[in-house]
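*Asks:* Turn this into a structure:
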Amino acid sequence: MGFISGVITGIAISAGAAAWYMSRSGQQFRDQHRVEARLGEMGDLLERRTREIQSTVNTQFDEMRATADATASETATRLDDASAAAAEEAAATAAAAEEAAATAAAAETARKPRKPSTAAD
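*Replies:* Coordinates of the predicted model:
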């Protein structure tokens with residue numbers, strides 16, 4: 001009877017140890033699964049935040065580009081106006097210089113004394 005009770009006791013202890021081991025390994029599996037699930041949620045959150053930030057940055061970049069384009073257009077218009085005004089001023093100055101040169105030449109011609117004509121010429 002001692003042998004059979006030893007075998008039964010061994011089987012019972014083995015079954016208990018197996019049940020304990022399975023519950024521990026199941027617990028580890030569940031813990032690992034929870035950690036992986038949390039990591040997945042964190043990854044999704046990071047991805048969502050990254051998209052939000054990227055869209056905000058793209059919006060701000062587009063606004064900055066539009067402002068820069070408007071400023072460049074305005075500056076080009078101002079430069080065109082300034083160039084036109086400078087060209088008009090240069091033309092007026094050139095005309096005044098030509099007029100002054102013509103007046104000076106006329107005055108020089110008027111100032112030159114005429115040689116008296118002689119019969120010998």
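
*Asks:* distance of the residue positioned nearest the centre of the chain from Gln54?
*Replies:* Nearest to the mean C-alpha position of the chain, by C-alpha atoms, centre = their mean, lies Phe61 at 5.1 Å. Going from Phe61 to Gln54 by C-beta to C-beta, to the nearest Å gives 10 Å. (Glycine included, C-beta is placed from N, CA and C.)

*Asks:* tally of neighbours for Arg30?
*Replies:* Residues lying near Arg30 (other C-beta atoms under 10 Å) number 10.

*Asks:* In terms of helices and strands, where is it?
*Replies:* Using DSSP states H and E, Arg30 falls within helix 2-111.

*Asks:* Number of residues surrounding Val7?
*Replies:* 10.

*Asks:* For it, give its distance to Ile13.
*Replies:* 11 Å.

*Asks:* And for Leu79?
*Replies:* Distance, Leu79 to Ile13, by C-beta to C-beta: 96 Å.
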